[in-house]
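S.K.: Everything below, folded, please.
(one chain, ligands or ions: 2)
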Amino acid sequence: MDHHVVGIPELTGIPRVAVVIDVMRAFTVAAWAFSLGVERIVLASTESEALALKESSRGWLALKDGPPAEGFDAVNSPALLQGHDLAGRTLVQKTTAGTVGALAVADSPLVLCASFVVAGPTARYLRTRASGPVTFVVTGEEGRADEDLACAEYIGGRMSGDDVEAAPYVHRARSSRAAADLAAGLRGGYHPDDIDLCLEVDRFPFVMTARREDSLTVLRPLPVPDTPSGTG
Ligand SMILES: O=C(O)[C@H](CS(=O)(=O)O)OP(=O)(O)O
Ligand SMILES: [Mg+2]
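M.R.: Ligands and ions are numbered 1, 2, ... in the order given. Presented below is the predicted three-dimensional model:
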């Protein structure tokens, strides 16, 4: 299937199929949130919008990247998320790169948000359900983040079949600037397990679709059945 890779600044028009990549850490965190029972994730464009959404709806939680902040319930860390009781909750998420990329293409007919933990289901879904060219939106570092590029190329390869070795792509992501910055403690709201959690391939059996729902942009999980290698 035809596909290409762009950074957020290069986006023009409305892609027919958009796959928004943020490995470290927004869409690894989102996948963990769903696995911990979150019902839906509302993507916010600013921190103040995230807090306003949380305040307007009883029971909603808010998450942002960076260090813990007043009014926010969680940080953008897959490891630190695991201490929270999230079953059945709506989570509002605002981050520097991932949520910005998803909001930039939210009018596309099909938007998937992805990272290594949902790479296989995302590739299978695109193989069977996507029509038209696929635009991978690499959210980090204005399209140059190597962890996101590696994940986009890995999913792109698996769109032709599951027989693609993950190790070289994971190695690139582990050697990326984002991973180095995280390990050095330069990014807030960090746990030492975050990098390993961001590099687990196919940890979860679902894709994450983003859609406009009234005035909100909402991310939801959609289970994707496994298929024998090379089929489906
Ligand atoms: O929390 C993250 O890892 C980053 C924040 S930054 O890169 O430190 O600015 O946000 P994300 O949108 O998940 O890339
Ligand atoms: Mg990132």
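
S.K.: and the chain, which of its residues are near ligand 1?
M.R.: Selection of the chain residues close to ligand 1 by CB under 6 Å from any ligand atom yields 22, 24, 25, 26, 65, 76, 95, 96, 97, 98, 140, 187. Bear in mind the C-beta positions are built from the backbone N, C-alpha and C, glycine included.

S.K.: which among these end up buried?
M.R.: Neighbour counting by 16 or more other CB atoms under 10 Å classes 22, 24, 25, 26, 65, 76, 95, 97, 98, 140, 187 among the residues of the chain next to ligand 1 as buried.

S.K.: what sits against the most centrally placed residue in the chain?
M.R.: With distances taken as CA atoms, centre = their mean, residue 27 lies nearest the centre of the chain, 2.2 Å away. Residue 27 is in contact with 20, 21, 98, 113, 114, 115, 118, 208, counting by CB atoms under 8 Å, 6 or more residues apart in numbering.

S.K.: in a helix, that's where it is, yeah?
M.R.: Yes. Using DSSP: H, G, I helix; E, B strand; the rest coil, the assignment for residue 27 is a helix.

S.K.: need the residues of the chain next to ligand 1 in a markdown table with secondary structure, can you?
M.R.: Output for these, formatted as a markdown table (three-state DSSP):
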| residue | secondary structure |
| --- | --- |
| 22 | coil |
| 24 | coil |
| 25 | coil |
| 26 | helix |
| 65 | coil |
| 76 | coil |
| 95 | coil |
| 96 | coil |
| 97 | coil |
| 98 | helix |
| 140 | helix |
| 187 | coil |
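
S.K.: Keep those residues, but drop any that are not near ligand 2.
M.R.: Contacts with ligand 2 within the residues of the chain next to ligand 1, counted by CB under 5 Å from the ion: 22, 24, 97, 140.

S.K.: From the residues of the chain next to ligand 1, pick the one nearest residue 162.
M.R.: residue 22 (22.7 Å; CB to CB).

S.K.: Do I have it right that the closest one meets residue 137?
M.R.: No. The pair residue 22 / residue 137 is not scored as a contact, 9.1 Å apart, by CB atoms under 8 Å.

S.K.: Common neighbours of those two, please.
M.R.: Overlap of the contact sets of residue 22 and residue 137 (by CB under 8 Å, 6+ apart) consists of residue 101.

S.K.: Fine by me, we can end here.
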